[in-house]
Structure formats: structure tokens, C-alpha cells
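S.K.: what would the 3D arrangement of this be:
(2 chains)
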Amino acid sequence: MEFKDYYQILGVSRDATQDEIKRAYRKLARRYHPDVSKEQDAETRFKEVNEAYEVLKDPEKRAAYDQLGAQWRAGQEFRPPPDWDAGFEFTGGDFTGADASRFSDFFESLFGRGSPFTHTGTGRRGHRMRMRGEDHHAKILIRLEDAYHGGQRSISLRHPELDQRGAVVYRQRNLNVQIPKGITAGQQIRLAGQGGAGVNGGPNGDLYLEVEFEAHPLFTVDGRDVTLSLPVTPWEAALGARIEVPTLGGPVDLKIPPGSQTDRKLRLRGRGLPGRGRQAAGDQYVVIKIMTPPARSETARSLYQRMARELAWNPRQRLEQYSGAA
Amino acid sequence: MVQPETHPLQGILLDEACEFSLRELATACDTSAEILIAMVEEGLLEPRGVDPRRWRFPAEALVRARTALHLQRDLGVNLAGAALAVDLLEEIRRLRRRLQVLQTALEHHVSELKW
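M.R.: Alright, predicted model coming up:
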């Protein structure tokens, strides 16, 4: 197994005071707390920091750890020397509140079951506590279509674990999950009993899946509402038109009112993501973008020139009001 | 590598349609009813109903209660501090989501301008 440098993990020197250790721990615990942190490896870092603090906050464990010697480096192959903890007088389990099996093998080999540190007076030695497994969290990416139709989605999750040498390894797990129809981004699915395994016959933890949508080539989403930007010709916008537009449920006919301009927003009621329970279905918004035909041919150029002469329209009236005032 | 199970796993979607009783919430959070009642008194959780035996907690209570429990256990904050942190975390989450929606819309807009 690998040697762990608990001082390095907390970022303190080997002669740090207990107060300095506590301060360093508090700061890192806030920074890497899985409920608070945005960092990718927050969960792993948080565990490491807790393990380091578990040893260094306890003067007895710290003294025992210190006498392993300062010559060890993090990641170095490590075997505890025989009777390494001989000559220490321990007060018992007062400081060993934490469950050694949740920490690395390095910790377990020094302070875990069988070591004098877990001895908590008569009768408790060898007592194994039933414990519920840890809850696990994962973000999953699904397609917008999956949320619209509902259905199965197979996902693969990577869960960080510590191997026998104390290094982080990722265990892959494939799950086939039912995606509820009408789910929206940021919502969570709770899979009871699919989290970490229980200890000594305790129940398993739960698995929480937080859903995000893959980027869609056409639509953007806000809650249950979907937005599509629709390119139209100048004559469709000016004269009005019926245009077939895609929606998640299939194409529908949309009426473009005459006199529409770019950025006009039209609503297709109930064509967004389906509702659930008392929640109504979302809408689809169609935002009009007027695209001008290229003026490459002589015919096109003369048409534009004729428009310029005969329509004599100024779209910049507002801008000119400002420059006139200056 | 593990093969995917043939039957899809049916989870519970934690949305507006999902509610918990006090007992269900305590089981899901692996905690006691007394601790949850203290959270209600703190205003951290807001169940529907008057009688605790008939309380109905909205789905978000699960995330809120669990986060508060973790913060108390891991960071040594008290219940009032945990309640404040949970409110702020929720607000940050809401703003991040909003920012993401606006950013995506903006990127769409910019890529269209390049057509």
C-alpha cells in the first residue's frame, strides 16, 4: 500500500500546532465538501482530508504516526513495521469516532480493527456495528427526446474507490434506468438501495442521479419551455406565411403573421416538455430570424436596387434620433 | 465489466408530484423524526399540514435535509448555520442554472450570426 503524508494533505508542517491543524482542516473541509464544492474530485479529496484530520487531531494517533519517521514520502510503498505501535499507552477509543473501514487501507493498517486505537474498554472489542451504506451521487446526460418521450436509458457510472495500495481507482458500473417522461434539467432521480453497500448487514445507501440535457442541434431549453430559432425569408416575414416547424413531438404548421421582424417570438402552446402531476406542459417558442437572399446574380441585384428605390425604408430611425441630439 | 441489467431500474423522480411523510423522509435521510422536527422548527423544512403525523414534505425537502445533515456532521455548523447554507446553496444552484440557460441561448445566437 502507499504511504500517505497526512501533513501534506492538510498543507501543514510536521511541527504544526493542534490549532493550526484544526484551522487547516476546517478550511479544506469547507472547500471540498461534496455538497458545497464544484471541484471534480471533491469527494475523494474530502475523504483524504478527513482521514488526515482523524489522525492528526488526535495527539496519540499523531504521535504514533510521527514515529513512523519523516523519511516517508507520499505514494511510497509502505508496510507498517512490526510492533510499530509498541510502547504507546492509549486512553481508548475517545478519539476514534470514525469508522476505519471508510478510510484507506493505509489508515486501516495503522489505526483500524485489531490496532490498540480501536480498543474502547472491555466488551466492545470485536463488536461490529451495522451501518447503512453511503449514498452516491452522479450527474447523467440525457437527450431532450428521452425527457419528451420517457423511456430507458443505459448509463455508465464511474465510482472512485481506493484500491489495496491506497490509490484512487474508478470502478465502472452500467445501469439501465427508466427516465420519467417530462423530467427537466437539474431534477434528481432517487434509486433506493443502489448506493454504497451496507456494512455488517446494514442496508445499502441510495443512488441519486441528477439529470442534465445534452446540447441539442435545434432546441434550447429553459425548464419545460423549448426555444427554436426559425430562419425565414424577407417575403415570408413581410407577407406572412405558413411554415412547417419541427417540435419534439413532430412537425407542426406555424402561421407567421404578416409584418414580422427578426426576434419576434411566437408561441406554440403545450409543445414543450410534457407536464407531470399538476405541472402543465411547457411551450415551444419560435424566434424568427430573417435571412436575406445573396445578391450574386444580376436579377437579384436589380431586385434589391428596385426595393431600395421604391420602398425607401429606414430601419435606423431610433439611432439617428440619438446622433441628432449629440 | 458488468452487463446492464435487463429490467430498467425504476427510480423516484424528486419533483413537484413527489411527497414524503415524516417517517419516509427519516428513512431516506437515515435520521430520526426528532431531528427532522427540529429542522421544521428552524424553518429549514416546510411540510404541508399541521399534525406531524400527517405532514407531507415536498421532494426538495429530501435534498435540503440531507445537505443540512452532512454540513452539521462534516463542518461542525449548527442547525441555524446549516439552514442558512442550504438556502444559499439553493440560490447559487438556481443562478447557475439560469446562467447556463442564458449562455446556451447566447451561443446559439452567436453561431447563427455566423451563417
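
S.K.: which non-adjacent residue is nearest the residue of chain B found nearest chain A?
M.R.: Residue nearest to chain A within chain B: residue B:17 (3.0 Å; Cβ to the nearest Cβ). Yep, even glycine has a C-beta here, placed from its N, CA and C like the rest. Closest residue to residue B:17 apart from its sequence neighbours, by Cβ to Cβ, 6 or more residues apart in numbering or on different chains: residue A:277 at 3.0 Å.

S.K.: ditto for residue A:147
M.R.: Closest to residue A:147 by Cβ to Cβ, 6+ apart is residue A:183, at 4.9 Å.

S.K.: run a quick neighbour tally on that neighbour.
M.R.: Neighbourhood size, residue A:183 [other Cβ atoms under 10 Å in any protein chain shown]: 23.

S.K.: show me what contacts the residue in the stretch 201-326 of chain A that chain B sits nearest to?
M.R.: Across the stretch 201-326 of chain A, the shortest distance to chain B (Cβ to the nearest Cβ) belongs to residue A:277, at 3.0 Å. Applying Cβ atoms under 8 Å, 6 or more residues apart in numbering or on different chains, we find residue A:277 in contact with B:15, B:16, B:17.

S.K.: hmm, try it at 10 Å
M.R.: A:182, B:13, B:15, B:16, B:17, B:18, B:19 (Cβ atoms under 10 Å, 6 or more residues apart in numbering or on different chains).

S.K.: any quick PyMOL command for the buried ones out of those residues?
M.R.: A single PyMOL command selects the buried members of those (16 or more other Cβ atoms under 10 Å in any protein chain shown):
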select buried, (chain A and resi 182) or (chain B and resi 13+15+17+18+19)
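
S.K.: please, where are all the strands along the chain?
M.R.: Just going to use chain A. In chain A, the strands defined using DSSP state E lie at A:136-142, A:151-162, A:168-179, A:188-191, A:207-213, A:219-222, A:225-232, A:241-245, A:252-256, A:265-268, A:284-290.

S.K.: you answered for a different chain; I wanted chain B.
M.R.: So, for chain B - with DSSP E - the strands run B:12-14, B:19-20, B:57-58.

S.K.: okay, those strands in TSV with mean pLDDT and distance to chain A next?
M.R.: Putting the strands of chain B into TSV (pLDDT from 0 to 100; distance: least, Cβ to the nearest Cβ, whole Å) gives the following:
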stretch	mean pLDDT	distance to chain A
strand B:12-14	88	4
strand B:19-20	93	10
strand B:57-58	94	11
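
S.K.: list the contacts for residue 27?
M.R.: Going with chain A. Counting by Cβ under 10 Å, 6+ apart, residue A:27 makes contact with A:10, A:11, A:49.

S.K.: right idea, wrong chain: chain B
M.R.: A:132, A:192, A:203, B:20, B:21.

S.K.: what's the local residue count around the third one?
M.R.: Put plainly, it is residue A:203. Residues near residue A:203, counting by other Cβ under 10 Å: 16.

S.K.: next, the residue nearest to it when sequence neighbours are not counted: phi, psi?
M.R.: Of all residues not flanking residue A:203 in the chain, residue A:132 sits nearest, at 5.2 Å (Cβ to Cβ, 6+ apart). In terms of degrees, to the nearest 10, the main-chain angles of residue A:132 are phi -70, psi 140.

S.K.: now do the buried residues in stretch A:46-63.
M.R.: A:46-56, A:58, A:60-62.

S.K.: and for stretch B:67-82?
M.R.: B:67, B:68, B:69, B:70, B:71, B:72, B:74, B:75, B:77, B:79, B:82.

S.K.: ok, longest helix in chain B?
M.R.: Counting by DSSP state H, the longest helix found in chain B is helix B:79-113.

S.K.: now do that helix: which elements does it pack against?
M.R.: Judged by 3 or more Cβ pairs under 10 Å, 6 or more residues apart in numbering or on different chains; DSSP states H and E, helix B:79-113 is in contact with strand A:207-213, strand A:219-222, strand A:225-232, strand A:284-290, helix B:33-41, helix B:60-75.

S.K.: hmm, the last one touching chain A?
M.R.: Yes - judged by Cβ under 10 Å from any Cβ of the partner chain, helix B:60-75 comes into contact with chain A at B:60, B:62, B:63, B:66, B:67, B:68, B:69, B:70, B:71, B:74, B:75.

S.K.: residue A:280: what's it in contact with?
M.R.: So residue A:280 contacts A:224, A:269, A:270, A:272, A:274 (Cβ under 10 Å, 6+ apart).
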